[in-house]
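> Okay, here's the prediction I keep looking at, along with the sequence it came from:
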Amino acid sequence: MSSVAVLTQESFNEHRSGLQPEQVKAAAAGPSGAEDEDSLPTYKDAFPPLPEKPLPEGVQETGNAWTSKIKPLKSSLITQVFHVPLEERKYKDINQFGEGDQAKVCLDIMHKTGAHLELSMAKDQGLSIMVSGKHDAVMKARKEIVSRLQTQASATVAIPKEHHRFVIGKSGEKLQELELKTATKIQIPRPEDPSNLIKISGTKEGLEKAKHEILLISAEQDKRAVERMNIEKVYHPFITGAYNKLVGELMQETGARINVPPPSVNKTEIVITGEKEQVALAIAKIKKIYEEKKKNATTIAVEVKKSQHKYVIGPKGNTLQEILDRTGVSVEIPPLDSSSETVILRGEPDRLGQALTEVYAINFTANSYTVSSVSAPSWLHRFIIGKKGQNLAKITQQMPKVHIEFTEGEDKITLEGPTKDVQIVHGQIEVIVTDLISRMDYTEISVDPKFHRHLIGKGGANINRIKELHKVSVRIPPDNEKSNLIRIEGDPQGVQEAKKELLELASRMENERTKDMIIEQRFHRAIIGQKGEKIKEVRDKFPEVIINFPDPTQKSDIVQLRGPRNEVEKCTKFMQKIVAEMVENSFSVSVPIFKQFHKNIIGKGGANIKKIREETNTKIDLPAENSNSEMIVITGKKANCEAAKNRILAIQKELVRLEVSIPSKLHNSLIGSKGRFVRSIMEECGGVHIHFPTEGSGIDAVTIRGPVEEVEKAKKQLLSLAEEKVCLNGWVSLNLKLKINSATFLFYSAPSADAPVQENGEANGEVKEPADPLVPKKCDVIVLSGRKERCEAAVEALKALVPVTIAVEVPFELHRYIIGQKGSGIRKMMDEFEVNIQVPAHELQSDIISISGLASHLDRAKEGLLERVKELQAEQEDRALRSFKLIITVDPKYHPKIIGRKGAIITQIRNQHEVNIQFPEKNDENQDQITITGYEQNALAARDAIQTIVGDLEEMISEDITLDSRVHARIIGARGKGIRKIMDEFKVDVRFPPSGAADPNLVTVTGRPEQVDEAIDHLLNLEEEYLSDVVENEAKMAYMKPSGSTASSMEEPRGPSKGFVVREAPWASGNEKAPDMSSSEEFPSFGAPVTNARSSPWGPKRF
């Protein structure tokens, strides 16, 4: 059944006369705080969601309030240790530990993942791998370690085909996470493949974990169900109930999740998810409500002006919800884009009358409102509003029922509210507008858009300086507007001064000129100078000119100058002058000089070439020693180059060539090993060149070239050395046969004067091999040539250089400590004593260590080794003493107190007594046992310290007191500083109730009896002091309104302020309640302790 009621003044008065005073008041309260729902921000606009994960390459990230301002935090470094048992190791060669294929694989893993790996071998020959790096890198490295360093196994697991997509997850994220978590490779058949078998490969442990996780996912999906119900949109309010209370109760009662589309979404489908039994129960209850309402509900249609619909809806639809809550009647408002003015009321027949009366009351109240406008130039709007809305706040506080609206681009201000209040506000705003027009001004200037960015400056530096200096507002149009007009607003004098400065800047920019100079690229580096010193001088001379050189890789000759026209011209002429000088100085000439005379040109210590360079002001480049070129290149002015060339040629002409006759058989001994002797003569004699004939040619002539004086000097030295070689009268041979612990020396006495001269084992040109096997071979003979007494001294010196080996007995178990980590210990000893130390192989189990080296070093090395053995034996004894273990029994409830805040107390005990203290693990059977390890005396002292703490704790008591929850935050203080100070001062522990506790005022104080009493007295005094402030603030808040009050907030306050209001919040569509802003759990302070997590309208907490 349905009917139509037309709203008239008479019908309204008739209905209103039958209401109780309370009903009239309640009905009139409908449009309280009414405002256009669209003006409220949505929850996502006010609290943009944080990005869940980085976007893939090539996808542009959408801007939001978080991503545009806050950079993502870098993940912290973590360290994990993985163990590979011996039987599962892929590379089992112990002798190649730290090298070979295993080492190459580890290096490759570090390169691919970015993680750092350290390998060590356990006593059971298992492999321990410590991986450090970012979390993702460590997980990837773990997967690589398992696949490449462990032997692989495979298995299959069968689950229904429809569950495969839940194992894969969105975009394969679940599958990747599962593979990283279990360190396995999981292969899922493609959708077109009928097989339901999932193949897993990896280690045995990983296989079991992966199978377990996959079966868990499948089992979870077996329990869940999703059902959809199509129910007419008009009956949705009866299913959700007022403020979604009914649907919340249904979800709580059935355990299923019920998703009803919001009124703004034109969908009839209700989705129920959960376990099958829960879903079935929820469907039955929803059907029951729907069938009941469809059978019993009737409708009434009421004509209400379109402009009054927003008052019927109320802010965030609150008025509709209030009517539904009080009467059980749903009020259906036509959409905004519809021209219909018909409002339909749907509900039980006996409730329709009351709902209709409330709609009439809302409409009557709305009719008493008026709309007015004040003429005000749009550029004055922000001055009328004031900084942070201060000016407007004064008006709205006096007239909270008037809604003031500023429309961008329009020269008017719209007022809406009670007629009398609107008139008062209208007059006040007109006074403000008149005052602003009298003392404010604006102007517009035209500037080419290409100069706008220069006016703004880097980071807005220029325009911000002008704004601050002249106290004005400057609006420069964005690039996409392509507008020339720049608007300046503010104080008349400031506007004129800012206008003048901006026009000057624009004029200066219009006067700028850009000029390209053609300068050969070979001169660019010379113009710039070393570290830019020369070009800096030019820029300092012309500071207004910007000089840009092309990139060297472009091979461009264009140098760009930009700046004021006159300055650019001056700078161009100056640069051209520099280039002209460089061109003049770039003349070059090449002088051919024999390669052997280059040293004479250079002179001793470079004296000659340096003198020529300075006196002729030229650059002289000589070819490299390993070059075959003989050309010396001279660069500079033409006249200077010719002068330098003549001087170099004159040096060459002064050089003489002299031949000296020296028997060819002495040539090799005069040259020396690798030319040592002849080279020293040439260097000593000012770089003369000495040339010996080819070996075996039989020519005795030796050529000397160079300056006359130096050639004579070289000749004398060469003849003196030849004479000394001729006087040699003996040779000695030495054969060294090295053994492990001794050396054999074979010496040959000097031959008689009549014996033929023997060189390099040759006699009379023939090679004679010794027939006697005791005679050393040629390769074992060291030949010394020189004076007899010197050869004998050399023999003694060579004897001293023959290495000797001795054996030192060192217990086998100490060998690895002597070797040290990666051989560092033994290397240090070998470097320190200059010997070679050989430790026997591990499988030999030998106690003998061999030391080889010079006899003079062996004694010192042996003493050092034995001293190291004594140190190691002392360390072993000390280690045995430090391994004393003591187990004490302590009630587990005292363990946190013994550990202390962030481990402070237990760390102090450990450091003070130098012991290690271990508490039982969570799954340990003996939860009351604490293990202390260290020196016996220290362990006993640490035990006494712990028992003292336990004794103090056993004497403590706990008392509950009642403190008003409104003062808890004040007592706790910022970041818990207040309560920590109290606990430290009175040596007690104070616990406040968690959010949602049965008694929010109950506070527990624990400590010694006398300290607990003092702390309670102090807390009660603080409560009394803070409570007076809280009561006073609440009294003030009762009379305060938000600065943005709308025209519909004309009735008296019905309770405490609702604070910041948003649309489409998470708690608006479920059974959750809005977050409590006074709760320290839902709005914790930074650094405050976090209580146990629970479900929240904000979603799951991330810690």
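Perfect, thanks for sending it.
> Going by C-alpha atoms from here, please, whenever you check contacts or count neighbours.
Will do.
> What pLDDT does the model give the closest residue to Val271 other than its chain neighbours?
Once flanking residues are discounted, Val271 sits nearest to Arg228: 4.6 Å by C-alpha to C-alpha, 6 or more residues apart in numbering. Listed pLDDT for Arg228 reads 84.
> Same check on Thr931?
Looking at Thr931, its pLDDT stands at 91.
> What of Val279?
The model reports Val279 with a pLDDT of 87.
> residues contacting it?
Neighbouring residues of Val279 by C-alpha atoms under 8 Å, 6 or more residues apart in numbering: 225-227, 254, 256, 272-273.
> Is it located within a helix, as I assumed?
Yes: with DSSP: H, G, I helix; E, B strand; the rest coil as the criterion, Val279 is part of a helix.
> before we move on, back to that, just the contacts of Val279: which are in helices?
Taking DSSP state H, the ones among these that sit in helices are Thr254.
> Filter the contacts of Val279 down to the buried ones.
By neighbour count, with 16 or more other C-alpha atoms under 10 Å, these hold 225, 227, 254, 256, 272-273 as buried.
> Just the closest of these to Ile848, please.
Nearest to Ile848 out of these is Ala225 (C-alpha to C-alpha; 76.6 Å).
> And that closest one, what's its pLDDT?
At Ala225, the pLDDT value in this model is 74.
> repeat for Val950
84.
> That one: what secondary structure?
Under three-state DSSP, the three-state class of Val950 is helix.
> Please name the spatially closest residue to it (chain neighbours excluded).
Distances taken as C-alpha to C-alpha, 6+ apart put Tyr894 closest to Val950, at 6.9 Å, once the chain neighbours are dropped.
> That neighbour falls within a helix, correct?
Yes: counting by three-state DSSP, Tyr894 falls inside a helix.
> and it, how many residues sit next to it?
Neighbourhood size, Tyr894 [other C-alpha atoms under 10 Å]: 14.
> From Glu921, how far out is it?
With distances taken as C-alpha to C-alpha, to the nearest Å, Tyr894 is found 15 Å from Glu921.
> do Ser673 as well
Per C-alpha to C-alpha, Ser673 is found 74 Å from Glu921.
> follow-up on the earlier one: run a quick check on the residue nearest to Val950 versus Gly951, I expect a contact.
No: counting by C-alpha atoms under 8 Å, Tyr894 stays clear of Gly951, with 10.2 Å between them.
> show me where the stretch 401-550 of the chain has strands.
Applying DSSP state E, counting those that start in this stretch to the stretch 401-550 of the chain gives strands spanning 403-406, 412-418, 441-446, 472-475, 485-490, 512-518, 546-548.
> For Pro1053, give me the pLDDT.
pLDDT, Pro1053: 44.
> Kindly report the same for Asn1001.
Asn1001 is given a pLDDT of 90.
> likewise Leu324?
87.
> same check, this time on the one 4 residues further on
You'll see Gly328 listed with a pLDDT of 88.
> What of the one 5 residues further on?
According to the per-residue confidence, Ile333 scores 85 in pLDDT.
> If we ignore the residues flanking it in sequence, what's nearest it?
Excluding its sequence neighbours, the residue lying closest to Ile333 (C-alpha to C-alpha, 6+ apart) is Val343, at 5.2 Å.
> who does the one you found bridge with?
Listed by DSSP bridges, the beta-bridge partners for Val343 are Val302.
> My read is that it contacts Thr299, right?
No: using C-alpha under 8 Å, Val343 is not in contact with Thr299; the gap is 10.1 Å.
> would you put the C-alpha positions of stretch 180-198 in CSV?
Taking C-alpha atoms only, stretch 180-198 is exported to CSV below (Å, rounded to 0.1, in the frame of the first residue of the first chain):
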residue,chain,number,x,y,z
LEU,A,180,62.0,-17.6,-0.6
LYS,A,181,60.6,-18.8,2.7
THR,A,182,61.3,-22.5,2.1
ALA,A,183,64.3,-22.1,-0.3
THR,A,184,62.7,-24.4,-2.9
LYS,A,185,61.6,-24.2,-6.5
ILE,A,186,57.9,-24.8,-6.9
GLN,A,187,56.4,-25.6,-10.3
ILE,A,188,52.6,-25.3,-10.7
PRO,A,189,51.0,-26.7,-13.9
ARG,A,190,49.5,-24.2,-16.4
PRO,A,191,45.8,-23.6,-16.4
GLU,A,192,45.3,-25.6,-19.5
ASP,A,193,47.1,-28.6,-18.0
PRO,A,194,44.5,-31.0,-16.3
SER,A,195,47.1,-32.2,-13.8
ASN,A,196,46.6,-31.2,-10.1
LEU,A,197,50.2,-32.1,-9.1
ILE,A,198,52.6,-29.4,-7.9
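> can you pull the alpha-carbon coordinates of stretch 1004-1015 into PDB?
Output of stretch 1004-1015 as PDB, limited to C-alpha atoms (Å, rounded to 0.1, in the frame of the first residue of the first chain):
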ATOM      1  CA  THR A1004      48.800  -1.300  39.300                       C
ATOM      2  CA  VAL A1005      51.900  -0.200  41.300                       C
ATOM      3  CA  THR A1006      54.500  -2.800  42.100                       C
ATOM      4  CA  GLY A1007      57.500  -2.500  44.400                       C
ATOM      5  CA  ARG A1008      58.700  -2.500  48.100                       C
ATOM      6  CA  PRO A1009      55.800  -1.700  50.500                       C
ATOM      7  CA  GLU A1010      57.100   1.600  51.600                       C
ATOM      8  CA  GLN A1011      58.000   2.700  48.100                       C
ATOM      9  CA  VAL A1012      54.600   1.600  46.800                       C
ATOM     10  CA  ASP A1013      52.900   3.700  49.400                       C
ATOM     11  CA  GLU A1014      55.000   6.800  48.500                       C
ATOM     12  CA  ALA A1015      54.400   6.300  44.800                       C
END
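> Please tell me how far Glu510 sits from Thr414.
According to C-alpha to C-alpha, Glu510 and Thr414 sit 44 Å apart.
> Of the contacts of Val279, which is the nearest to Glu88?
Among those, Ala225 lies closest to Glu88 (C-alpha to C-alpha), at 43.1 Å.
> Who are the contact partners of that closest one?
Each residue near Ala225 by C-alpha under 8 Å, 6+ apart is listed here: 273-276, 279.
> which ones are touching the residue nearest to Gly672 when sequence neighbours are not counted?
Counting by C-alpha to C-alpha, 6+ apart, Val678 is the residue found nearest to Gly672 once chain neighbours are left out, at 7.0 Å. Residues near Val678 by C-alpha under 8 Å, 6+ apart: 670-672, 690.
> Identify the farthest-apart pair in these.
Using C-alpha to C-alpha, the pair of these lying farthest apart is Gly672 and Ile690, separated by 13.4 Å.
> Which one's more surrounded, these two?
Using other C-alpha under 10 Å as the criterion, Gly672 and Ile690 rank with Ile690 on top: 23 against 12.
> So that one sits against Glu683, correct?
No: judged on C-alpha under 8 Å, Ile690 makes no contact with Glu683 at a distance of 10.7 Å.
> and Asp38, what pLDDT?
Predicted confidence (pLDDT) for Asp38: 58.
> Sketch out the low-pLDDT regions of the stretch 401-550 of the chain for me.
Along the stretch 401-550 of the chain, the model assigns pLDDT under 70 to no residue.
> so where do the helices sit in it?
Ranges of helices in the stretch 401-550 of the chain, per DSSP state H, counting those that start in this stretch, are 419-439, 452-456, 461-470, 492-510, 524-528, 533-541.
> Same list, those, but as JSON lines with distance to Ile286 please.
Below are the helices of the stretch 401-550 of the chain laid out as JSON lines (distance: least, C-alpha to C-alpha, whole Å):
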{"stretch": "helix 419-439", "distance to Ile286": "47"}
{"stretch": "helix 452-456", "distance to Ile286": "63"}
{"stretch": "helix 461-470", "distance to Ile286": "62"}
{"stretch": "helix 492-510", "distance to Ile286": "68"}
{"stretch": "helix 524-528", "distance to Ile286": "84"}
{"stretch": "helix 533-541", "distance to Ile286": "83"}
